[in-house]
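> Please work out how this folds:
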Amino acid sequence: MGLAILSGCKKEAPIEMLNAPPTAAALQSYWQVPEFTLTERSGREVQLADLKGKVWLADFVYTTCPGPCPILSTRMSEVQKALGNESDVRLVSISTDPESDTPAVLKEYAERYKAGDHWWFLTGKKDAVYSLAREGFKLPIADAAPGAAIIHSTRIVLVDKKGTVRGFYEGTGDLSAQDIANDVRKILAEK
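I've put the predicted structure just below:
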C-alpha cells in the first residue's frame, strides 16, 4: 500500500501518514465515486452525471491556503497544458473551505491559474464536501480551529468515464504533469 499525506496548509501544521491505495502506475480499478451535487464557479450545479463519459482528475484545495494548495493548483495547471483541449477530460478542484470559497471567489482563483472551461472549481455545503472527500475519494480531511489551516490530502485522483477511481498522484510530488497526462490518455483509450 502507498501512503497518503495529510497536509495542513501551513508549514507548522502536523503531517500524518495514512494507508491509501497505491499510485496510478497500475491504473487499477478501485471504487465508484458516489453521487454528489456541488456548485461550479460559474454558479451552475454540477453532479456526478455531468462527469460520466469524461476522464477526470480531482483535487481538494482552498483559495486562502498559503501552503500546498498553490502547488496543487500549479500542478493541475501544468496537466491542463499537457492535455491541451481534450474534450473528454475534466479537471475538478473542490474547495475544502466552502464557507469562504464562493463561486465568485473560485472564479478569481481559477483566473489566477489560467483555468480553461474544462477545469471546474466546485464548492458546496461543508458536510457534502467533507463526505465526498472521505467516503467518495477515501482521502483524509479534518476540521481546523478557527483561523488555522485546513488539514486535507494533497493527492490528485484519477477517475474514469464510468466514475470509477483509477489512481492517485501525490500532487506536490515529483511526478511530471506529462506523466499524469499520459495516464489520462491511457484511460481515454480504454473501450
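
> Quick check: longest helix in the protein by residues?
In the chain, with assignment by DSSP state H, the single longest helix is helix 68-83.

> Now do that one: everything it contacts.
The contact list for helix 68-83 (CB atoms under 8 Å, 6 or more residues apart in numbering) reads 7, 9, 57, 59, 61-63, 89, 91, 93, 109, 112-116, 118-119, 154, 156, 171-172, 176-178, 180-181, 184-185. Just so you know, the C-beta spots here come from the backbone N, C-alpha and C atoms, and that holds for glycine as well.

> Shouldn't Val129 be within a strand?
No. Counting by DSSP: H, G, I helix; E, B strand; the rest coil, Val129 is not found in a strand; it is helix.

> Now it: closest residue in space, sequence neighbours ignored.
Closest residue to Val129 apart from its sequence neighbours, by CB to CB, 6 or more residues apart in numbering: Pro98 at 5.3 Å.

> ok, then the element right after the longest helix of the chain?
Helices and strands here follow DSSP states H and E; after helix 68-83, the next one along the chain is strand 89-95.

> any idea of the mean pLDDT in that following strand?
Mean per-residue pLDDT for strand 89-95: 96.

> Am I right that the residue nearest to Val129 is in contact with Lys125?
Yes. Shown here, Pro98 and Lys125 form a contact pair, counting by CB atoms under 8 Å, at 6.6 Å.

> And those two? Which one has more around it.
More neighbours surround Pro98 than the other of Pro98 and Lys125, with 21 against 13 (other CB atoms under 10 Å).

> looking at this, that one is in a strand?
No. Per three-state DSSP, Pro98 lies outside any strand segment and is coil.

> show me the residues around it that make contact.
Pro98 sits in contact with Thr123, Gly124, Lys125, Lys126, Val129, where contact means CB under 8 Å, 6+ apart.

> Count the residues that sit near the last one.
Right, the one you point to is Val129. Val129 has 25 neighbours, counted by other CB under 10 Å.
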